[in-house]
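Student: Generate coordinates for the sequence data below:
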Amino acid sequence: MEEQSVQEIIKATHWPRKAVAWALGFLALFLLVSTISELKSLRFIGSGVAATNTISVSGEGEVFAVADTATFSVTVREKAKLVKDAQDAATKKGNDIIAYLKDGGVEEKDIKTVDYSVSPDYEWSQAACPQGGYCPPGKQVLVGYEVSQTLSVKVRDTNKAGELLSGVGSRGATEVSSLSFTIDDEDALKADARDKAIAQAKEKAEVLAKSLGVSLVRVVGFSEGGDGGPIYYAKSSVMGMGGGPETSPTPDIPVGQNKIVSNVNIVYEIR
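Tutor: As a prediction, this is how the structure comes out:
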């Protein structure tokens, strides 16, 4: 009877011991996996820490290109006693100029009105002063209205720029101004200038690192700017071209060459 009781006790305690053994095994496996994971992550420790030992270098890149686009402004001004009369006269001249530009190969999308205004036109009136008597003050007198329209014109064939400038002048333009030559698509040229600036900065960094007896590790900072945009060597202004056809010879306008500059600053970590 006693022997049977002992066997029952052993059977009763066998399952809890087995469960404890399984639990300890799982715990040991978990700790092992966690330890391995922590050891693998040690190589990443410090990767997000800001570099303390650095050198900073600058570089400049330049690209030269011949301009392929000319831009200028055309203004028409007309005066009349009535607003409508001034508007009609300005509109006729403006439409004639636009039609001429289109016939000359300028696309409609490249002709844009940038200003249109109507303003009163005054003259100063001074009454006659009687000899030895009171002199009444002068005053402004409304004599009519002035209508002004300004067009911005983009010419994609620079060889036609001089001819078109002369043509709009002979068709009643009161003022032609702000002539400049630019490059229509500068993105590729800017990228080329930037690459040259980066190459120059990298070369400086390598020379400086060699002189200091250190090694370049990685780039930790970069900035670009300070060039103020492309530099245009060809720029002109033609004013007051409102003469007739016989007084508007075609001007010889050199296009010249444009320079695009990129300035960069690069910060390297060293060790």
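
Student: Could you chop the chain up by domain?
Tutor: Following automatic domain parsing, one gets these domains for the chain: 2-37, 68-126+138-183+234-254.

Student: Compare the mean pLDDT across those domains and name the weakest.
Tutor: In terms of average pLDDT, domain 2-37 trails the rest of the domains of the chain, at a mean of 61.

Student: Tell me the strands beside the helix or strand that contains Val118, with direction?
Tutor: Element membership of Val118, judged by DSSP states H and E, is strand 111-125. As defined by DSSP bridges, the strand partners of strand 111-125 come to strand 139-155 (antiparallel).

Student: What are the buried residues along the strand it pairs with?
Tutor: 145-151, 153-155 (16 or more other Cβ atoms under 10 Å). (Each C-beta comes from the backbone N, C-alpha and C, glycine too.)

Student: again with stretch 180-190
Tutor: 181-183, 186, 189-190.

Student: Take those residues and keep only those in helices.
Tutor: 189-190 (DSSP state H).

Student: Relative to Val83, which of the buried residues of stretch 180-190 is nearest.
Tutor: Taking Cβ to Cβ as the measure, Val83 lies nearest Thr182 of those, at 36.9 Å.

Student: sorry, back to before: mind putting the buried residues of stretch 180-190 in a markdown table, distance to Ile266 included?
Tutor: Converted to a markdown table, the buried residues of stretch 180-190 look like this (distance: Cβ to Cβ, whole Å):
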| residue | distance to Ile266 |
| --- | --- |
| Phe181 | 33 |
| Thr182 | 29 |
| Ile183 | 27 |
| Glu186 | 23 |
| Leu189 | 21 |
| Lys190 | 17 |
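
Student: ok, the buried residues of stretch 180-190 vs Lys109, which is closest?
Tutor: Among the buried residues of stretch 180-190, Thr182 lies closest to Lys109 (Cβ to Cβ), at 16.4 Å.

Student: What sits closest to that closest one if chain neighbours are left out?
Tutor: Take Thr182 and drop its neighbours on the chain: the residue closest to it by Cβ to Cβ, 6 or more residues apart in numbering is Thr69, 5.1 Å away.

Student: measure the one you found to Val153 for me?
Tutor: Distance of Thr69 to Val153, computed by Cβ to Cβ, to the nearest Å: 11 Å.

Student: just Lys204 next, same as before
Tutor: Distance of Lys204 to Val153, given as Cβ to Cβ: 45 Å.

Student: Ok, Glu108 next?
Tutor: Distance of Glu108 to Val153, computed by Cβ to Cβ: 11 Å.

Student: what does Ala199 give?
Tutor: With distances taken as Cβ to Cβ, Ala199 is found 39 Å from Val153.

Student: cool, and Asp110?
Tutor: Separation of Asp110 from Val153 (Cβ to Cβ) stands at 7 Å.

Student: Next, count neighbours for the residue nearest to Thr182.
Tutor: The tally of other residues near Thr69 (other Cβ atoms under 10 Å) stands at 18.

Student: for the stretch 1-150 of the chain, what spans make up the helices?
Tutor: When secondary structure is read from DSSP state H, counting those that start in this stretch, the stretch 1-150 of the chain shows helices at 2-41, 83-103.

Student: Val214 - that's part of a helix, no?
Tutor: No: judged by DSSP: H, G, I helix; E, B strand; the rest coil, Val214 forms no part of a helix; its state is coil.

Student: got the contact list for the closest residue to it other than its chain neighbours?
Tutor: Among residues not flanking Val214 along the chain, Ile270 sits closest, at 4.3 Å (Cβ to Cβ, 6+ apart). Going by Cβ atoms under 8 Å, 6 or more residues apart in numbering, Ile270 touches 53-55, 209, 212, 214-217.
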